[in-house]
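Student: Using only what follows, build the 3D model:
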Amino acid sequence: MVVKMLSILDTTSKRLVDTLELLLKSENWLTVRQIADLLNVSEKTIHEDLNYIQDNLNDKVGLEFLSPYGIRASKLSVNVFLNIQSQILLNSIPIQFILALAKNPNQTLNDYAEILHISRSTLYRYLPKISDYFKQYDLEVKKSGSLYSITSKNEYLYRRFFSTFLFEIHGYNVKPIISEQWQSFFKERLTRMYSFNQEEISDLQISYYSIFYQLSIEREKQNHRLAYIQTFVGQDTPFTKEEEHFLFCNEPDLSLGCFTKIESAIYIHRHTQFSLTDTEFIKEVSLFLDKLFQTFQIKKMDVEKKRLLDFVVDLCINVKYFKIPYHFFYDRFESFSKQVELNNTAAFNLMTHLIKELSLKTELDFSIYVDHLIYLLVVTLPQIIQAQLNQPILIVSSYSVDHGYFLLKMIEGQLNIESTYFESVICIHESDLKHYDLDNFQLIISNLALPLESTKYILIQDFPSKNNITSIKNILLSNTKVE
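Tutor: Below you'll find the predicted structure:
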């Protein structure tokens with residue numbers, strides 16, 4: 001299970017972020033007591049935090065107080081929250097310490113204390129938390145004599161981790177990290193690289209890979225060499241004379257071959273350029289998308305399907321091989337996903353079920369990416385939330401999900417009615433029943449006794465009998481007549 005990086009923050013910084021996140025997510029007014037209970041602190045502490053927000057951040061947050069209802073943040077959007085979170089993170093001691101360790105390796109604690117104007121004992125207190133957090137990504141805060149540095153056995157994963165880390169703590173804004181001159185170079189170069197290999201690249205990807213490129217240059221200058229990525233199966237993009245001149249003038253100590261190695265590490269973020277891409281991933285993701293189009297009765301759209309296929313297979317590669325999440329602190333797609341759920345619960349439930357099915361088929365854990373995937377699916381195919389869906393059917397098995405699908409096949413095979421009745425069916429094991437709102441289903445079929453009203457629920461045998469099939473058919477046809 002991935003632990004959020006908020007866990008390493010100092011108490012005050014973490015609590016400020018948590019308080020703002022509660023205000024962002026709340027659809028209603030929140031009382032001081034509610035916030036205090038949710039964060040397990042005193043009301044006095046929350047009053048102090050709200051005073052700080054009002055004095056320092058209120059032009060962005062817009063706190064409103066109304067007795068007896070409580071507090072709300074009228075100006076707080078996801079983008080504003082990310083901007084404020086960035087300010088809080090960059091001012092927190094643990095984040096400053098990590099940045100100092102990365103930028104100025106092989107210094108003593110006294111040196112870092114002097115750089116950050118913080119006591120040595122304070123930094124020493126944060127070392128265990130930071131070290132423990134890094135372990136899940138195969139990073140280590142290494143002590144050699146009295147000198148400290150952050151190391152990894154895998155230089156590529158080190159760069160991947162810190163690219164994501166820097167991107168997020170700066171609020172997904174490259175301007176504080178990269179000069180305009182280099183921003184322009186990276187944008188033109190990355191666009192040309194991907195075009196040369198007949199791939200598309202988004203603005204967000206350009207920003208992220210620009211940080212990866214910049215960080216890689218700094219690491220190469222510190223003698224942390226990255227070998228040419230042998231799993232890259234595309235073509236190296238030749239440098240133009242202008243690009244060669246720019247690099248020679250700005251980084252004369254690095255060869256063109258060094259930049260080519262860096263670019264091979266950027267290319268393999270894309271599954272089509274990565275030799276270890278499992279063809280089973282492509283097959284299962286393609287089937288997942290076909291089922292999505294079918295479930296929501298969307299006419300096949302080749303361009304949109306390819307875009308979704310590329311992203312989801314890229315995600316499979318990241319989860320299996322690189323294991324660096326797309327966010328460490330806050331999933332910016334969570335609020336979008338929540339609104340989808342509120343606006344079309346049936347569509348949301350069907351998407352999450354299809355994602356869970358894909359996770360089982362690929363044997364990969366997508367749990368921290370569900371909101372991101374829902375965002376991508378809905379933005380690419382807005383027809384999903386516009387679809388007028390019949391409520392789905394739920395099949396619950398006491399044995400396994402596979403047995404649930406067996407029941408579905410048997411029922412479909414014996415019913416002499418249109419297949420459209422079974423376009424939206426979810427099969428689960430009884431242990432997952434607690435994750436579903438049963439009111440969202442037109443019919444629940446199960447081989448175990450459930451405390452449900454008979455008009456929505458049918459108890460069937462492990463192998464459906466003729467009477468079972470007749471009962472199911474009658475309910476489905478009567479539901480259609482009511483509509």
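Student: Residue 433 contacts residue 396, doesn't it?
Tutor: Yes: counting by Cβ atoms under 8 Å, residue 396 is a contact partner of residue 433 at 6.0 Å. Every C-beta, even on glycine, is put in place using the N, C-alpha and C of the backbone.
Student: Common neighbours of the two, please.
Tutor: Counting by Cβ atoms under 8 Å, 6 or more residues apart in numbering, the common neighbours of residue 433 and residue 396 are residue 450.
Student: Tell me which of the two has more neighbours.
Tutor: residue 396 (23 against 15; other Cβ atoms under 10 Å).
Student: Remind me which helix or strand residue 64 belongs to.
Tutor: Per DSSP states H and E, residue 64 falls inside strand 63-66.
Student: Show me which residues of that strand are buried.
Tutor: Buried residues in strand 63-66, counted by 16 or more other Cβ atoms under 10 Å: residue 63.
Student: same question, stretch 196-210
Tutor: 197, 201, 205, 206, 207, 208, 209, 210.
Student: quick one: the last one from residue 347, how far?
Tutor: Applying Cβ to Cβ, to the nearest Å, one obtains 35 Å for the distance of residue 210 from residue 347.
Student: Do a quick rundown of the helices in the stretch 151-300 of the chain.
Tutor: 155-169, 180-196, 203-221, 241-250, 256-267, 279-295 (DSSP state H, counting those that start in this stretch).
Student: which residues are in contact with the fifth one?
Tutor: I take that to be helix 256-267. Against helix 256-267 from outside (Cβ under 8 Å, 6+ apart): 156, 159, 190, 193, 197, 209, 212-213, 216-217, 220, 226-229, 232, 234, 236-237, 239, 244, 247, 273-274.
Student: what does the last one give?
Tutor: The contact list for helix 279-295, computed with Cβ under 8 Å, 6+ apart, reads 271, 298-301, 305, 308-309, 312-313, 316-317, 350-351, 354, 357-358, 361-362, 377, 381, 384, 423-424.
Student: Apart from its chain neighbours, what residue comes closest to residue 229?
Tutor: Nearest residue to residue 229, sequence neighbours excluded (Cβ to Cβ, 6 or more residues apart in numbering): residue 264, at 4.1 Å.
Student: Give me the neighbour count for the residue lying closest to residue 173 once chain neighbours are set aside.
Tutor: Nearest non-adjacent residue to residue 173, counting by Cβ to Cβ, 6+ apart: residue 86, 7.6 Å away. Per other Cβ under 10 Å, the neighbour tally for residue 86 reads 18.
Student: ok, residue 86 touching residue 167?
Tutor: No: the pair residue 86 and residue 167 does not pass the contact test of Cβ under 8 Å, sitting 10.4 Å apart.
Student: Return the residues in contact with the residue nearest to residue 173.
Tutor: 169, 170, 171, 173.
Student: top of those by neighbour count?
Tutor: Neighbour max across the contacts of residue 86 (other Cβ under 10 Å) = residue 169, 23 neighbours.
Student: Relative to residue 244, how far out is residue 399?
Tutor: For residue 399, the distance to residue 244 - Cβ to Cβ - is 65 Å.
Student: do the same with residue 121
Tutor: 50 Å.
Student: Can you pick out the residue with more neighbours from these two?
Tutor: More crowded of residue 121 and residue 244, by other Cβ under 10 Å: residue 244, with 13 against 9.
Student: ok, now how distant is that one from residue 424?
Tutor: 57 Å.
Student: got any ranges where the stretch 351-483 of the chain has weak pLDDT?
Tutor: Scanning the stretch 351-483 of the chain with the threshold set as pLDDT under 70 gives 388-390, 416-421, 423, 453-455, 478-483.
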